[in-house]
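S.K.: Please find the sequence and the predicted model below.
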Amino acid sequence: MKTERQTQAPQLRTRWLHDSGGLIWHLRALRYRNTLWSGFRSEVKGWLQSWQPPTDKLIIIGPSAGYTLDASFLQRWQEIIVLEPDPLARRLLRWRYADARWRFENLDVLSDINALAMLAKGFAGHAILFSNVLGQITPRNAAASWAWKQELRKALAGHYWASYHDVISTARPPDAEPASAPPPATGLDEILVSYWHGGELEIVDHCTYDLGANARLRNDSGSAYCIWRLLPRQYHLVEWCSSEPAADQIMVAGLATEKDC
Ligand SMILES: C[S@@+](CC[C@H](N)C(=O)[O-])C[C@H]1O[C@@H](n2cnc3c(N)ncnc32)[C@H](O)[C@@H]1O
C-alpha cells in the first residue's frame, strides 16, 4: 500500500544559490548574454522557431529568467507553465517577458522519473521544453545515464517535447565550426572531431548525448549541435532534440488513445 508521502508530487525547494542557477547564473547572464552568448542565443532562437508542436500550451523546465529564450517564441503560447526553483528567476522572467501568459507551478519533475511521468499525465495537452537543464541533472555514468534517458523517453512518449542541453564542456576552444551539419546517428566522437581537430581534448561528459534518440534531430536544415562559449575559458557542446508522440501514444485529456488496427 502506498503511503501519502509516496503518492504526493515532489515539490520544488526555493533555491537562491545553485550549481547551475541562482544568483551566479544571473550575474553571468548580465555580463555575457549580449557578448559571448549571443551566437548561442541566436542558434537556440532558430531551434525554437522550427519547433511547432500542435498545441498552444507549454511547460518550460529550468528557464531561469529566460536568458536563452526569446519574446517571439514565448508569445506563441496561450499558457506557459514554469517549473523553476529560483525565486529571483521567476520574478525576472515575469518582468522581462511581461506579455507572456505565465503560470508558475512547484512540481519538481527532475527529482525522479515518476515525477516526470506524473507531469506528463497531469498535463496531457502541453508540449514540454527542457531549457538547458538536463545536462546538469543526468546521472554522470554511462550505464545509469543510458537507463535514465530511456526512462525519460518512456515517461514522455505521449508528448511533444524538446530539449537543449550540455553534452560536454571543456576549457579548450574549438578549432572550427563543421562545414556541414553532422549526419543523423553520428557518434559523439565524430561530432567532437568535427569541432576539435586533433590533440588532446579534456572534457566533462554531461552524459546527455543522443538524449533524443528516436526523436527527429534537426539535421536537415541545420545542425542539432552548437558551441556555447559560456565563460571566456569554458566551451559547451549543446545538443537540441525534439520528439513527437507515436501515433498510438497521443495523450488526449489524460487518456492515452489507442490506435485502431
Ligand atoms: C544551466 S541553468 C539554465 C537556465 C536557462 N535555461 C538559461 O539557459 O539561461 C539551469 C536552470 O535550471 C533550474 N533548475 C535546477 N533544478 C531544477 C528543477 N529541479 N526543476 C526545474 N528547474 C531547475 C536552475 O534554477 C536554473 O535556472
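M.R.: Great, that's in hand. Residues are numbered from 1 along each chain as shown.
S.K.: mind checking the end-to-end distance for stretch 118-132?
M.R.: 21 Å (CA to CA, to the nearest Å).
S.K.: and it, which residues are buried?
M.R.: With burial defined by 16 or more other CB atoms under 10 Å, the residues of stretch 118-132 counted as buried are M118, L119, A120, F123, A124, H126, A127, I128, L129, F130, S131, N132. To be clear about C-beta, it is placed using only N, CA and C from the backbone, and glycine gets the same treatment.
S.K.: Show me what that stretch is in contact with.
M.R.: By CB atoms under 8 Å, 6 or more residues apart in numbering, the surrounding residues in contact with stretch 118-132 are 9, 48, 51, 53, 55, 57-64, 68-69, 79, 81, 107, 109, 155-156, 158-166, 238, 251-255.
S.K.: do that again at 7 Å, thanks
M.R.: 9, 53, 55, 57-63, 68-69, 81, 107, 109, 155-156, 158-165, 251-254 (CB atoms under 7 Å, 6 or more residues apart in numbering).
S.K.: From these, which land in helices?
M.R.: Secondary structure from DSSP state H places A155 of these in helices.
S.K.: The ligand next: which of the contacts of stretch 118-132 are close?
M.R.: When contact is defined as CB under 6 Å from any ligand atom, the contacts of stretch 118-132 meet the ligand at I61, G62, P63, T68.
S.K.: The third one touches V82, doesn't it?
M.R.: What it means is P63. Yes. Between P63 and V82 a contact is recorded at 6.1 Å, counting by CB atoms under 7 Å.
S.K.: Among the ones next to the ligand among the contacts of stretch 118-132, which one lies nearest to G199?
M.R.: Proximity of those to G199 (CB to CB) peaks at T68, which lies at 30.1 Å.
S.K.: so that closest one sits right up against S42, yeah?
M.R.: No. Between T68 and S42 no contact is recorded; they are 10.2 Å apart, counting by CB under 7 Å.
S.K.: the more surrounded of the two?
M.R.: T68 (21 against 12; other CB atoms under 10 Å).
S.K.: helix or strand for the nearest residue to that one once chain neighbours are set aside, which one?
M.R.: In this structure, T68 finds its nearest non-sequential neighbour in V44, 5.0 Å apart by CB to CB, 6 or more residues apart in numbering. V44 belongs to helix 38-50 when elements are defined using DSSP states H and E.
S.K.: Any chance of JSON lines for the ones next to the ligand among the contacts of stretch 118-132, columns pLDDT?
M.R.: Shown next, in JSON lines, are these (pLDDT from 0 to 100):
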{"residue": "I61", "pLDDT": "97"}
{"residue": "G62", "pLDDT": "96"}
{"residue": "P63", "pLDDT": "97"}
{"residue": "T68", "pLDDT": "97"}
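S.K.: farthest pair in those residues?
M.R.: Applying CB to CB across those, the maximum distance is between I61 and T68, 13.2 Å.
S.K.: Point out where the stretch 1-150 of the chain drops to low pLDDT.
M.R.: For the stretch 1-150 of the chain, applying pLDDT under 70 flags the ranges 1-7, 16-20.
S.K.: can you map out the helices along it?
M.R.: Applying DSSP state H, counting those that start in this stretch to the stretch 1-150 of the chain gives helices spanning 4-7, 22-32, 38-50, 71-75, 87-96, 113-122, 134-137, 142-155.
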